[in-house]
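Participant: 3D model of this:
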Amino acid sequence: MIIRPIAHADLPALQQIAVESGPGFTSLIDDGEFLVRKIQHSIDSFGREVSAPGQESYLFVLEEPTTGEVMGTTGIEAAVGLTSPLYHYHKSRVVHHSRELDLFRSVDVLNMCNHYTGCTEICTLYLRPQYRRAYAGKLLSRVRFLFMAQHPQRFADTVIAEMRGVSNDAGESPFWNWLQAHFVDLDFATVTQLVGAGNKGFIAELMPKYPLYINLLSDAARSVIGEVHPHTGPALAMLKGEGFRHTGYVDLFDGGPTVEAERDQIRSVATSVSCRVQAIDAATPVLHAGQASHRGQALAIANTECQGFRATVTKQATYLPEHGVLQLPLAVARALDLRDGGQARFIELAAARSGRQPERQREPQPSPHREFRYAL
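Facilitator: From the prediction side, this is the model:
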């Protein structure tokens, strides 16, 4: 499995993913022209010189290299809400108190806000059902943090993820059903289509501008505030393992939670290891002296490029921390467009669950590059 930036040749697969993912997956909609523009915007973003996050959008695909099939997608928006408002509801508590009557009541409310303007958003994560296999979902999720760790200037200090809220098989959201009945006479599928295409004018025009008292909502709507779609549970658990937390912000349409973390405190960013690569084949003399780690463990490994970014997962790597060197089979190195002696970055895929951090690299001992192949 190889992760790479999306290309125009991936349009048919991306359109199929937009269909498969269904209503509520607002970052992809089944609209050919929209998807072509999205792919081109991603290509332009990868090719742009960036010193601070702006309107860049990075879309990656997971490819099965033997067949060329696109297995899934994952993406990053560098800074959201700059040109089109990013709305949320914030859940908080209001207290009504009368000292004279000795009456006290606290109630939960939802206030519309633009709290996350300018933050980086991870998004568009979808693994097609026929390709759901070991490490595929983890790689799609956590490869974004490898990219952030390598290119921090491209991203904001705060990273968010809008988690898909509860909806049924018919594509109906209990939270939106209540809003539709009282404020906006549009079905959920139409609303998500509009939002996905960037048509958000109706939010300011039709959505309630004053606090929503949660106790006035229907039981069904109340019950799903801050809850995720059943298929989204594993993704949320993975992000919690990375240090993301929910601070009361929920989606305007399905009530799903938005979670946040400081970029440099995300576990996979903070514990990623920058290293040199030694490409190993049958003819390469290798000395396994000294301490070695991660042998036989599943590692997500990426090169350090932007336009030419490549990442994969392998159990065939060995890290030598005292030299700051990752030994890779030649075939894996070639798949990542890594030359012998080139730079890479890796994380252990199981680290987010266990909390165990990979060893940080020590300063490698200076040695001429011509000795590198035979010195380790």
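
Participant: Show the pLDDT at the residue lying farthest from the centre of the chain.
Facilitator: Most distant residue from the mean C-alpha position of the chain: residue 100, 52.1 Å away (CA atoms, centre = their mean). Residue 100 is assigned 85 on the pLDDT scale.

Participant: how far is stretch 27-41 from where the chain is centred?
Facilitator: Distance of stretch 27-41 from the chain centroid (CA atoms, centre = their mean, to the nearest Å) equals 18 Å.

Participant: what about the helices in this protein?
Facilitator: 11-21, 32-47, 136-150, 174-182, 188-196, 201-206, 219-223, 233-241, 267-270, 330-335, 351-354, 369-375 (DSSP state H).

Participant: want to try JSON lines for these, with distance to residue 88, mean pLDDT and mean neighbour count as columns?
Facilitator: From N, CA and C alone the C-beta is placed, and that goes for glycine too. Formatted as JSON lines, these follow (distance: least, CB to CB, whole Å; pLDDT from 0 to 100; neighbours: other CB atoms under 10 Å):
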{"stretch": "helix 11-21", "distance to residue 88": "21", "mean pLDDT": "90", "mean neighbour count": "17"}
{"stretch": "helix 32-47", "distance to residue 88": "22", "mean pLDDT": "95", "mean neighbour count": "16"}
{"stretch": "helix 136-150", "distance to residue 88": "21", "mean pLDDT": "94", "mean neighbour count": "23"}
{"stretch": "helix 174-182", "distance to residue 88": "13", "mean pLDDT": "93", "mean neighbour count": "20"}
{"stretch": "helix 188-196", "distance to residue 88": "13", "mean pLDDT": "81", "mean neighbour count": "20"}
{"stretch": "helix 201-206", "distance to residue 88": "11", "mean pLDDT": "80", "mean neighbour count": "12"}
{"stretch": "helix 219-223", "distance to residue 88": "16", "mean pLDDT": "96", "mean neighbour count": "14"}
{"stretch": "helix 233-241", "distance to residue 88": "17", "mean pLDDT": "91", "mean neighbour count": "17"}
{"stretch": "helix 267-270", "distance to residue 88": "24", "mean pLDDT": "96", "mean neighbour count": "21"}
{"stretch": "helix 330-335", "distance to residue 88": "40", "mean pLDDT": "93", "mean neighbour count": "17"}
{"stretch": "helix 351-354", "distance to residue 88": "25", "mean pLDDT": "45", "mean neighbour count": "16"}
{"stretch": "helix 369-375", "distance to residue 88": "51", "mean pLDDT": "32", "mean neighbour count": "12"}
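
Participant: Sweet, I'm off.
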